[in-house]
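Peer 1: any chance you could fold what I've pasted below:
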Amino acid sequence: METNITRPTLILNKSICLQNIERMAEKARKHQLRFRPHFKTHQSIDVGRWFRSTGVESITVSSVQMARYFASDGWKDITIAFPFNIPETDELSKLSTLGRINILVDNRDTVLSVGTKLMGTVGVYIKIRTDYFRTGVSWSENKKIHEIIRTIEKHKNLSFLGFLTHSGHTYQARSKNEIQQMHFDTLGKLNRLKEQFIHAYPNLELSIGDTPSCSVSDFFEGIDEIRPGNFVFYDLMQHQLHACSIDDIALSMHCPVVSKQKARSEIVVYGGAVHFSKEWIRNTDGKELYGRVRIRHNDEGTKLLPSTSYLCCLTQEHGVIRLSQAAFQHVQPGDIVEIIPVHACLTAHAMGRYITLQGEVMEMMPRF
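Peer 2: Below is the predicted model of the structure:
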């Protein structure tokens, strides 16, 4: 594989990816949850088909464009888990005639604008905010939630489905226990909210979606579906959160070495911010880390270096890797190094395609 690489190349370990999919699918089956994986991480029809073999029929996407892309491959039950973008109502209307499409709202204005312009029926989840302050109605704002539901019911082409949340604050957790605490807090708030509405809406559903909670928890009381996405590949961010092991990470970027700087014990690779994004975490020394590094070590295959030998700086096309003196001796210009990304979702989006270890090219959703 490495002899064929001439530029930054995103390599996908299909075997690990399939293990990740089956593990999460089995957890959903165990807890009798609908498994509606978020496809924004892989954005690939080919990877999407791997989910079908585990019985997945319902998916999550992050845009109308992505919904259209996966609908073209026969997916008929799609939730667009992003506050609905009113200017795309005409496109939503077309999609609504092809299968079951669900949207997210957190205000009456969106409902009023969309509800009168649809050709088919669209399911509606109300986005609920527990502790992640980005979008959504606070779980305690019963009056506002009532108003949104009543507005939905006034439109024959809209169907109220229930409450959906994304506990994005788990990405700031510092331990597995802290993730669990955040998860339990979210479940408690959602179930208390459900109690206020279940008598009037007996089919009301609760949907959650963050990868850290879905990976580490085995408690889903009151929940009807899970929508994790990053788990399909995992990454260094999830590893630092203890949501996965380093061996669960299915993606790595393979980059050619273009320069050695002996005085600084650094190598420069062809692979920069346009390939990785500029997401970072801290290594064990408290330094900004943009990727973990594997190098070929004599005839022993590749070796994962400690986090103190790491991708330390990114510019547009350049990546700077700081190495120990021992590791520095093993790398020469023209060699290929493997770099595990901090955030798989953004790295995959930046690259636009994968190559499996078997050399199979897998294209992602077109950008425009």
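Peer 1: quick one, phi psi at Q19?
Peer 2: phi -60, psi -40 (degrees, to the nearest 10).
Peer 1: burial of it, as a residue count?
Peer 2: 14 (other CB atoms under 10 Å). Yep, even glycine has a C-beta here, placed from its N, CA and C like the rest.
Peer 1: stretch 359-368 - what's its average pLDDT?
Peer 2: Taken as a whole, stretch 359-368 has a mean pLDDT of 90.
Peer 1: give the buried residues for that stretch.
Peer 2: 362, 364-365 (16 or more other CB atoms under 10 Å).
Peer 1: now, which of those residues lie within strands?
Peer 2: M362 (DSSP state E).
Peer 1: reformat the buried residues of stretch 359-368 as a markdown table; add distance to L304.
Peer 2: Below are the buried residues of stretch 359-368 laid out as a markdown table (distance: CB to CB, whole Å):
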| residue | distance to L304 |
| --- | --- |
| M362 | 24 |
| M364 | 26 |
| M365 | 31 |
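Peer 1: need the helices for the chain, in chain order.
Peer 2: Using DSSP state H, the helices found in the chain span residues 14-30, 45-52, 64-71, 89-95, 108-115, 142-153, 176-197, 211-216, 236-240, 273-276, 325-328, 344-351.
Peer 1: can I get the first one in PDB? Just the C-alpha atoms.
Peer 2: The C-alpha atoms that make up helix 14-30 are tabulated as PDB, following Å, rounded to 0.1, in the frame of the first residue of the first chain:
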ATOM      1  CA  LYS A  14     -12.500  -1.900   6.900                       C
ATOM      2  CA  SER A  15     -12.200  -4.700   9.400                       C
ATOM      3  CA  ILE A  16     -12.100  -2.300  12.400                       C
ATOM      4  CA  CYS A  17     -14.900  -0.200  10.900                       C
ATOM      5  CA  LEU A  18     -17.100  -3.300  10.600                       C
ATOM      6  CA  GLN A  19     -16.300  -4.300  14.200                       C
ATOM      7  CA  ASN A  20     -17.300  -0.800  15.400                       C
ATOM      8  CA  ILE A  21     -20.600  -0.900  13.500                       C
ATOM      9  CA  GLU A  22     -21.500  -4.400  14.800                       C
ATOM     10  CA  ARG A  23     -20.600  -3.500  18.400                       C
ATOM     11  CA  MET A  24     -22.900  -0.500  18.400                       C
ATOM     12  CA  ALA A  25     -25.700  -2.400  16.500                       C
ATOM     13  CA  GLU A  26     -25.500  -5.100  19.100                       C
ATOM     14  CA  LYS A  27     -25.800  -2.600  22.000                       C
ATOM     15  CA  ALA A  28     -28.900  -1.200  20.300                       C
ATOM     16  CA  ARG A  29     -30.400  -4.700  20.000                       C
ATOM     17  CA  LYS A  30     -29.600  -5.500  23.600                       C
END
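Peer 1: what sits up against that helix?
Peer 2: For helix 14-30, the external contacting residues (CB atoms under 8 Å, 6 or more residues apart in numbering) are 33-35, 37, 47, 50-51, 54-56, 214-215, 218, 226, 228, 231-234, 247-250, 356-358, 360.
Peer 1: next: the fifth one.
Peer 2: Among residues not part of helix 108-115, those counted as contacts by CB under 8 Å, 6+ apart are 83-84, 86, 89, 92, 103, 105, 122, 124, 147-148, 151-152, 154-155, 157-158.
Peer 1: quick revisit: figure out which of the helices of the chain is closest to T308.
Peer 2: For the helices of the chain, the distance to T308 is smallest for helix 325-328, at 10.0 Å, taking CB to CB.
Peer 1: what about S252, how many residues nearby?
Peer 2: 24.
Peer 1: in the protein, what helix or strand scores lowest on average pLDDT?
Peer 2: strand 302-304 (a mean of 91; mean pLDDT, DSSP states H and E).
Peer 1: want to throw the helices of the chain into JSON lines with distance to T302 and mean pLDDT?
Peer 2: Shown next, in JSON lines, are the helices of the chain (distance: least, CB to CB, whole Å; pLDDT from 0 to 100):
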{"stretch": "helix 14-30", "distance to T302": "15", "mean pLDDT": "98"}
{"stretch": "helix 45-52", "distance to T302": "24", "mean pLDDT": "97"}
{"stretch": "helix 64-71", "distance to T302": "34", "mean pLDDT": "97"}
{"stretch": "helix 89-95", "distance to T302": "44", "mean pLDDT": "96"}
{"stretch": "helix 108-115", "distance to T302": "49", "mean pLDDT": "96"}
{"stretch": "helix 142-153", "distance to T302": "52", "mean pLDDT": "97"}
{"stretch": "helix 176-197", "distance to T302": "28", "mean pLDDT": "96"}
{"stretch": "helix 211-216", "distance to T302": "26", "mean pLDDT": "97"}
{"stretch": "helix 236-240", "distance to T302": "16", "mean pLDDT": "97"}
{"stretch": "helix 273-276", "distance to T302": "19", "mean pLDDT": "98"}
{"stretch": "helix 325-328", "distance to T302": "12", "mean pLDDT": "94"}
{"stretch": "helix 344-351", "distance to T302": "19", "mean pLDDT": "97"}
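Peer 1: please identify the most buried of these.
Peer 2: Most buried of the helices of the chain, by mean neighbour count (mean count of other CB atoms under 10 Å): helix 211-216, with a mean of 25.
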